[in-house]
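Student: Task: produce atomic coordinates for the following.
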Amino acid sequence: MSNLERDPAEVVAVGTIDVADERSIEVLLPREVPLGGPRAMNVRRTLPQRKRSFIGGWCFIDHYGPEDVSVTGGMRVPPHPHTGLQTVSWLFAGEIEHRDSVGSHAMVRPGELNLMTAGHGISHSEVSTAATTTLHGVQLWVALPSASRDVAPFFEHHVPSPAALGEAVVRTFVGSLAGSSTDATMFSPLLGAQLDLPAGASVSVPLDPAFEHGVLVDAGPVVVAGETIADSELAYLGPGTDTVELRAGETDARVLLLGGEPLDEQIVMWWNFIGRSHEDVVQFRAEWQRDVIDGEDAAGRFGSIPGYQGSALPAPELPTVRLKPRG
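Tutor: Alright, predicted model coming up:
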């Protein structure tokens, strides 16, 4: 999914290693972000925030729906670029048609992973299908580590098998947990899993203590490590934690568990680009505008998308000041 904000904030982020007190968690509250015009979907963004930019390599979490497509018009994201990251698309309801500049044409469906590695540069489009009445899911980004950020772009589709963990059902779309796993290509140690708990159930989830983790509540509330976390909130647990207790309330619950080894690198994230400097972002934007929007080089960094009918999305104007670190 593109970041469709008219004035996207720059994010200069440095991964830091925090050793968590195993008895405490940090709660990250979502902020509403409108994507596009008056009928556009709103998303609830919990990452990045000023006080926390990463969970492992995870650097962007947008949580949306359930949206009535007859009201919002669904998802209509025209061709747009990415660099230096992977997009992880995961749905709870609905269907989205994906096309990209490496020739991929695939559907995003509930319980199925669409993983797009942008690396050197890619463009893609996302459109909810005519059969979709309700749209509900998450769009996640992973920052590629410096050594891999310029890899050639590619696309993968995986369908993880569910596994039981106590009373919970686990679907692991990145990494491995409780016997559920995928062989999705990642460039740093990561975990991404959906856990479904029946009402009143509790489960002890094993964690890699070398990872930091986040628990995003999709349907709750859920008690995470003794603290009640509401829908769309994210509970952060630092490295050094080897288990977390989850307990559903009076209704069935669903959470996403995201984790990874802390990414001890600096990135600059603006619009749909991840680079390592102001100059990187300026270059990426200029190439997108020249090659795609102005139509000068269909074989350039971002290529073109076969089969998409319509115009690509112009980049917003860059800030009038140099992109530089905050805080």
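Student: For the rest of this, base every contact and every neighbour count on C-alpha atoms.
Tutor: Noted.
Student: And the helices in the stretch 1-150 of the chain?
Tutor: 69-72 (DSSP state H, counting those that start in this stretch).
Student: show me the biggest helix of the protein in terms of residues.
Tutor: Counting residues, the longest helix in the chain under DSSP state H turns out to be helix 278-287.
Student: Can you point out the buried residues in it?
Tutor: 278, 281, 282, 284, 285, 287 (16 or more other Cα atoms under 10 Å).
Student: tally of neighbours for the closest residue to the third one other than its chain neighbours?
Tutor: Closest residue to residue 282 in three dimensions, ignoring its sequence neighbours and counting by Cα to Cα, 6 or more residues apart in numbering: residue 318, at 7.9 Å. Other residues near residue 318 number 17, with proximity taken as other Cα atoms under 10 Å.
Student: Just the element for residue 318, please.
Tutor: Assigned by DSSP states H and E, residue 318 falls within no helix or strand.
Student: Bridged to residue 97, which residues?
Tutor: Taking DSSP bridges as the rule, residue 97 bridges to residue 107, residue 127.
Student: Please verify my assumption that it contacts residue 130.
Tutor: No: Residue 97 lies out of contact with residue 130 (Cα atoms under 8 Å); the separation is 10.0 Å.
Student: Counting neighbours, go ahead and name the busier of those two.
Tutor: residue 97 (16 against 11).
Student: pLDDT at the more buried one, what is it?
Tutor: For residue 97, the model assigns a pLDDT of 97.
Student: still on that earlier bit, the residue nearest to residue 282 and residue 95, how far apart?
Tutor: Distance, residue 318 to residue 95, by Cα to Cα, to the nearest Å: 33 Å.
Student: again with residue 149
Tutor: 29 Å.
Student: repeat for residue 148
Tutor: Applying Cα to Cα, the value for residue 148 to residue 95 is 30 Å.
Student: If you count surrounding residues, which of those two has more?
Tutor: Taking other Cα under 10 Å, residue 148 and residue 95 do not tie; residue 95 has more neighbours (23 against 16).
Student: which residue packs closest to that one, ignoring adjacent ones?
Tutor: residue 109 (5.0 Å).
Student: Just give the number of residues close to the one you found.
Tutor: Count around residue 109 with other Cα under 10 Å applied: 19.
Student: In this protein, which residue is most central in space?
Tutor: The centre of the chain sits closest to residue 140, judged by Cα atoms, centre = their mean, with a distance of 0.5 Å.
Student: Could you give the bridge partners of that residue?
Tutor: With DSSP bridges as the criterion, residue 140 is bridged to residue 61, residue 88.
Student: That one touches residue 85, doesn't it?
Tutor: No: with contact defined as Cα under 8 Å, residue 140 does not count as touching residue 85 (10.1 Å).
Student: does residue 232 sit in a helix, a strand or a coil?
Tutor: Under DSSP: H, G, I helix; E, B strand; the rest coil, residue 232 falls in the coil class.
Student: Residue 174: how many residues sit nearby?
Tutor: Around residue 174 there are 25 other residues, counting by other Cα under 10 Å.
Student: Identify the residues contacting the residue nearest to it when sequence neighbours are not counted.
Tutor: Nearest residue to residue 174, sequence neighbours excluded (Cα to Cα, 6+ apart): residue 192, at 4.6 Å. Applying Cα atoms under 8 Å, 6 or more residues apart in numbering, we find residue 192 in contact with 172, 173, 174, 175, 256, 257, 258, 259.
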